[in-house]
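Visitor: This is a predicted model, with the sequence first.
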Amino acid sequence: MQTWEGELKKVATKYHIIAAWLAGVLDPLWALSDYSVIPDRWQEFFVIRLVVAGLSLLGLAFRKRIPVEMVAFIPVLAISLQNAYMYSVMDALAFQKHTFAYVALFIGAGMVVFWKPIYSFIIVGLSISANALFIYLWSPLTMEQIMVDGGLLTFTVAIFMILLIQTRFNLTKKEIVARLALAESKEIIEEKNKDITDSINYAKNIQEAILPNFSEIDDVLKDHFVFFKPKDIVSGDFYWFANKGGHAFIAACDCTGHGVPGAFVSMIGNNLLNQIVLEKDENDTAKILTSLNDGVKRVFTREGSQDAQDGMDMALLDFTLGDNHAIPTNVQYSGAGNPLLFIREGMVSSGMAEKNGFKPHEDDMGIWGGDRTPIGGSTEEGYEFRSDSIDLEEGDTMYIFSDGYPDQFGGEKGKKFMIKRMKDLILSIQSENMVRQKELLEQALAEWIGDGDQVDDILVIGIRV
């Protein structure tokens with residue numbers, strides 16, 4: 001695991017290597033300045049500079065065997081002592097000119113050094129001591145001349161160097177600590193997200209296990225499709241199927257919410273439907289929804305608490321099967337918020353829709369509305385749903401669905417697809433078989449969404465007699 005000390009060491013190593021190279025290469029070049037400032041001693045100074053450069057490069061060569069601070073400490077201290085000696089043998093004019101060398105040293109150190117304040121204090125302390133000693137031994141200048149001609153400026157810049165190094169050190173440390181903390185947090189979040197995603201993927205397997213196999217539906221409803229597209233990994237929409245006692249039941253269910261919350265509600269709904277139909281042998285769609293509503297209310301309501309708002313919309317079909325369970329002869333429908341679209345050739349012109357309680361649409365489509373109230377939620381316990389039935393003819397086509405398809409945003413203006421556009425689309429594809437109809441519904445939805453996002457779970461079931 002990375003630590004701020006390790007990261008800071010990497011930063012310091014990089015800059016200290018730069019400092020050592022600068023000292024090793026540039027310090028001898030300052031001999032050109034010495035030649036113009038104090039020409040009678042430039043050769044002596046050049047030898048000193050070569051020694052300092054050699055020490056800098058030597059520390060650089062052994063950087064893996066010495067503390068990282070020493071890589072920069074050696075050249076900075078060596079140049080400081082070198083300048084102290086040069087100060088001590090210069091006259092006032094040369095002293096003034098050479099002050100800039102000292103100032104450049106301290107400013108340069110402040111820009112490329114990363115170490116704790118103690119190293120800066122050692123450098124400045126040794127530099128002041130060396131200056132005091134060498135000036136005492138060899139300088140022709142008075143203390144007043146030294147201070148006025150550059151000593152005070154050099155001392156001020158030295159203090160500035162200490163503050164600059166300490167500020168850069170602290171800021172860099174804080175930046176590294178913050179970056180590592182962010183990386184660690186991101187790593188933890190990614191790990192948690194992976195755990196959550198893995199759990200949800202496992203939940204998806206469980207949810208898929210309770211959904212009916214298409215082969216079960218194929219055995220009874222020969223020409224059909226189920227277009228099921230969850231918004232997230234798991235879905236609040238679910239489809240349910242049962243075949244018992246000459247009746248084939250199929251439902252399109254839309255639970256409160258989507259994702260994990262919706263998936264929990266869907267499993268409760270699926271379990272209650274199995275109990276009502278398969279265990280209690282109920283085959284009246286109205287009574288099934290009534291019992292389902294009471295069951296959901298009991299599950300989500302605790303004694304002494306307000307009714308929970310969890311529930312579901314649903315469209316439920318009960319097909320009465322003909323001889324040998326081959327062809328359905330009648331369908332019974334009950335709806336809790338979800339309609340049934342029914343299509344028969346010539347239905348509207350013959351008045352068949354009005355006779356059977358349909359709301360005529362156009363071009364032979366009838367709309368069976370069912371009850372507007374949902375299962376559970378605000379619906380009171382004991383509410384009695386109604387049912388409608390119709391004798392079937394070959395070619396009759398039915399569609400039940402959740403609100404995900406018509407409520408999907410998209411198109412050029414980012415509006416909802418809307419139920420009318422969905423009805424028109426379904427009417428336009430009636431000449432196709434049900435497998436092809438599913439493909440066309442999927443294609444139309446994908447084109448409508450475009451680069452947008454799916455906003456809800458989507459479920460559409462189509463059945464043709």
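Guide: Arrived safely, thanks for sending.

Visitor: all strands for the chain, in order.
Guide: For the chain, the strands defined by DSSP state E cover 223-229, 237-244, 247-255, 311-321, 328-336, 340-343, 359-360, 365-368, 375-376, 388-391, 397-401, 409-410, 415-416, 458-464.

Visitor: which strands and helices sit next to the longest one?
Guide: Spelled out, that is strand 311-321. Applying 3 or more C-beta pairs under 8 Å, 6 or more residues apart in numbering; DSSP states H and E, one finds that strand 311-321 makes contact with strand 247-255, helix 259-274, helix 285-300, strand 328-336, strand 375-376, strand 397-401. For glycine as for every other residue, the C-beta is placed from the backbone atoms N, C-alpha and C.

Visitor: which one of the ones you listed has the most crowded surroundings?
Guide: Of those, the one with the most neighbours on average (mean count of other C-beta atoms under 10 Å) is strand 375-376, at a mean of 30.

Visitor: Any stretches of the stretch 1-150 of the chain with poor pLDDT?
Guide: 1-2 (pLDDT under 70).

Visitor: could you redo the last one with a cut-off of 50?
Guide: Scanning the stretch 1-150 of the chain for pLDDT under 50 picks out nothing.

Visitor: In terms of mean pLDDT, which of the strands of the chain ranks lowest?
Guide: Among the strands of the chain, strand 359-360 carries the lowest mean pLDDT, a mean of 54.

Visitor: Residue most distant from the centroid, the protein?
Guide: residue 140 (71.7 Å; C-alpha atoms, centre = their mean).

Visitor: So what's the residue count around residue 425?
Guide: Residue 425 has 17 neighbouring residues, counting by other C-beta atoms under 10 Å.

Visitor: Next one: it from residue 416, what distance?
Guide: 14 Å (C-beta to C-beta, to the nearest Å).

Visitor: Kindly report the same for residue 450.
Guide: 14 Å.

Visitor: between those two, who's got more neighbours?
Guide: residue 416 (15 against 10).

Visitor: Setting the sequence-adjacent residues aside, check what's closest to that one.
Guide: Spatially, and ignoring its direct neighbours in sequence, residue 416 is nearest to residue 407 (5.5 Å; C-beta to C-beta, 6 or more residues apart in numbering).

Visitor: Just put the strands of the chain in CSV and tack on distance to residue 162.
Guide: Compiled in CSV, those are given as follows (distance: least, C-beta to C-beta, whole Å):
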stretch, distance to residue 162
strand 223-229, 66
strand 237-244, 68
strand 247-255, 68
strand 311-321, 71
strand 328-336, 78
strand 340-343, 82
strand 359-360, 87
strand 365-368, 84
strand 375-376, 72
strand 388-391, 90
strand 397-401, 75
strand 409-410, 62
strand 415-416, 66
strand 458-464, 67
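
Visitor: Provide a list of residues in contact with the residue nearest to residue 416.
Guide: 416, 417, 455, 456 (C-beta atoms under 8 Å, 6 or more residues apart in numbering).

Visitor: which of those residues lies closest to residue 199?
Guide: Nearest to residue 199 among the contacts of residue 407 is residue 456, at 22.4 Å by C-beta to C-beta.

Visitor: do you know which of the helices and strands packed on strand 311-321 lies nearest residue 65?
Guide: helix 259-274 (57.6 Å).
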